[in-house]
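Asks: got a sequence here, can you build the structure:
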Amino acid sequence: MNSTTVAPRISVLDRSRTRAGRPQGEALQETVRFAQEVEALGAYRRFWVSEHHSVPGVAGSAPTVLAAAVAAATSRIRVGTGGVMLPNHRPLVVAEQFGVLESLFPGRIDMGLGRSVGFTDGIRRALGTDKDATEDFGAQLAELTGYFTGTQTAHPQVHARPAEGLTVPAFVLATGAGAKIAAEAGLALVLGDVRGREALLRAVESYRAAFRPSVLWERPYVVVSATVAVAASTEEARRLLLPEAWAMAYSRTRGVFPPLEPVEDVLAREATMTAKERQFYEAAQRGQIHGTENEVRPAVAELLAATGADELLVTTSTYDRAAQLDSYRRLAVVAGLDGAPVTAPARPA
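Replies: Numbers count the residues shown, from 1 in each chain. Presented below is the predicted three-dimensional model:
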């Protein structure tokens, strides 16, 4: 692969994680403050928020509402969703919401879209959907983007105001069939390294091969999502990942994703974890990037080179908010803002 030394595009996904013993609403307030801090670093292209329902450990349930608050509190960084889960909503309503956002904050809004449904049967019933709703994702996506271009045919007499005529970049968060849908729709693709590197590379290759240019994207655009933690030492960086790893293990063994706990509390649990808890706890720590700046730099470069990704979307959740911000500050250095950029694939400006 041809490459050149450039600073890669890096962005942030914040899931508004709650902390043990703290009010849930505080997590949303912290997300807005964190967006301001990230923007001040000057290194990050986008700040995205997510959608989760009835999850004790995540306060972000209304991404377009939260995106509006983030956009109002910032001035330069692009703001979007990672993402709005389209099976949970009517495409017209989603188009109207993003039309309002783009009208209020022109040129700064991204429309990240996913195909996941609620985690449990009860949540899906409350949302008015079911497991099979993902099968309609392609049609929902076409209807949604058609409201912006004025080409949707599902409801010919209906127009999304003020979305029609506006240009809002659309991204699909997907793997497998979702990646194929993104390619056929001519939209950008966001992929996480959740099923292993080989599966990730296959998804990227198939997406690029099947991509059809659209009004929104003339060429394939790949965003790779990864968990990255950077600290003064390797051990400090590893410790940053432990609260999220324990939350994952807890959810896998109890069916409930909990608030983040302090690192010291998680370390105290290690000696008493069941075999199953330890299995999920250790699995949650694999495939992540952590270490000092000098350790993380080649790992980031290798990921970008292997995938040819246009952008890296980083998520780092830990109990200590100051340590979380410090990790992103250090990552800005890793990404080349210190004058020593990593090696990233060549791409059009």
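
Asks: didn't residue 299 look like it was pressed against residue 292?
Replies: No: assessed by Cβ atoms under 8 Å, residue 299 is found out of contact with residue 292, at 11.0 Å. Using the backbone N, CA and C atoms, a C-beta is placed for each residue, glycine as well.

Asks: which ones are touching the residue lying closest to residue 152 once chain neighbours are set aside?
Replies: Computed as Cβ to Cβ, 6 or more residues apart in numbering, the closest residue to residue 152 that is not its neighbour in sequence is residue 146, at 2.7 Å. Taking Cβ atoms under 8 Å, 6 or more residues apart in numbering as the contact definition, residue 146 lies against 152, 153, 154.

Asks: need the contact list for the first one.
Replies: Spelled out, that is residue 152. 91, 142, 143, 144, 145, 146, 158.

Asks: repeat that with 10 Å
Replies: 91, 92, 95, 142, 143, 144, 145, 146, 158, 159, 160, 164 (Cβ atoms under 10 Å, 6 or more residues apart in numbering).

Asks: those residues into a markdown table, with extra columns for pLDDT and secondary structure?
Replies: Output for the contacts of residue 152, formatted as a markdown table (pLDDT from 0 to 100; DSSP: H, G, I helix; E, B strand; the rest coil):
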| residue | pLDDT | secondary structure |
| --- | --- | --- |
| 91 | 94 | helix |
| 92 | 96 | helix |
| 95 | 96 | helix |
| 142 | 93 | helix |
| 143 | 95 | helix |
| 144 | 96 | helix |
| 145 | 94 | helix |
| 146 | 94 | helix |
| 158 | 90 | coil |
| 159 | 94 | coil |
| 160 | 94 | coil |
| 164 | 91 | coil |
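
Asks: quick check, nearest of those to residue 316?
Replies: Nearest to residue 316 among the contacts of residue 152, counting by Cβ to Cβ, is residue 144 at 29.9 Å.

Asks: quick one: that closest one and residue 151 touch, right?
Replies: No: contact criterion Cβ atoms under 10 Å: residue 144 and residue 151 do not qualify, at 11.4 Å.

Asks: out of those two, which sits in the busier spot?
Replies: residue 144 (27 against 12; other Cβ atoms under 10 Å).

Asks: now do the contacts for the closest residue to that one other than its chain neighbours.
Replies: Nearest non-adjacent residue to residue 144, counting by Cβ to Cβ, 6+ apart: residue 91, 3.9 Å away. By Cβ under 10 Å, 6+ apart, the residues touching residue 91 are 113, 139-147, 152, 154-155, 160.

Asks: counting neighbours, which of these comes out on top?
Replies: residue 113 leads the contacts of residue 91 on contacts (other Cβ under 10 Å) with 29 neighbours.

Asks: dump the residue contacts of that residue.
Replies: Counted by Cβ under 10 Å, 6+ apart, residue 113 has contacts 80-86, 89, 91, 94, 98, 137, 140-141, 144-145, 170-174, 178, 182, 187, 190.

Asks: what do you get if the cut-off is 7 Å, keeping everything else the same?
Replies: Shown in contact with residue 113 (Cβ atoms under 7 Å, 6 or more residues apart in numbering): 83, 84, 86, 141, 170, 171, 172, 173.

Asks: isn't the first one right next to residue 112, touching?
Replies: Pointing back at residue 83 there. Yes: between residue 83 and residue 112 there is a contact under Cβ atoms under 7 Å: 3.4 Å.

Asks: between those two, which contacts overlap?
Replies: Joint contacts of residue 83 and residue 112 (Cβ under 7 Å, 6+ apart) are 171, 173.

Asks: so who does residue 88 touch?
Replies: Contacts of residue 88 by Cβ under 7 Å, 6+ apart are 117, 127, 129.

Asks: dihedrals phi and psi, it?
Replies: Main-chain torsions, residue 88, degrees, to the nearest 10: phi -90, psi 0.

Asks: how far away is it from residue 102?
Replies: 21 Å (Cβ to Cβ, to the nearest Å).

Asks: those helices in the stretch 51-200 of the chain, which residues are they?
Replies: 63-73, 91-104, 121-127, 137-149, 177-185, 197-210 (DSSP state H, counting those that start in this stretch).

Asks: isn't residue 280 right up against residue 248?
Replies: Yes: using Cβ under 7 Å, residue 280 is in contact with residue 248, at 6.2 Å.

Asks: what does the biggest helix by length in the chain contact?
Replies: The single longest helix within the chain, with elements called by DSSP state H, is helix 234-254. With Cβ under 7 Å, 6+ apart as the test, helix 234-254 has contacts from 57, 227, 229-231, 257-258, 260-261, 263, 266-267, 269, 276-277, 280-281, 284-285, 288, 290-292, 295, 316-319, 323, 327.

Asks: would you mark the buried spots in it?
Replies: The neighbour-count check on helix 234-254 (16 or more other Cβ atoms under 10 Å) flags 236-252 as buried.
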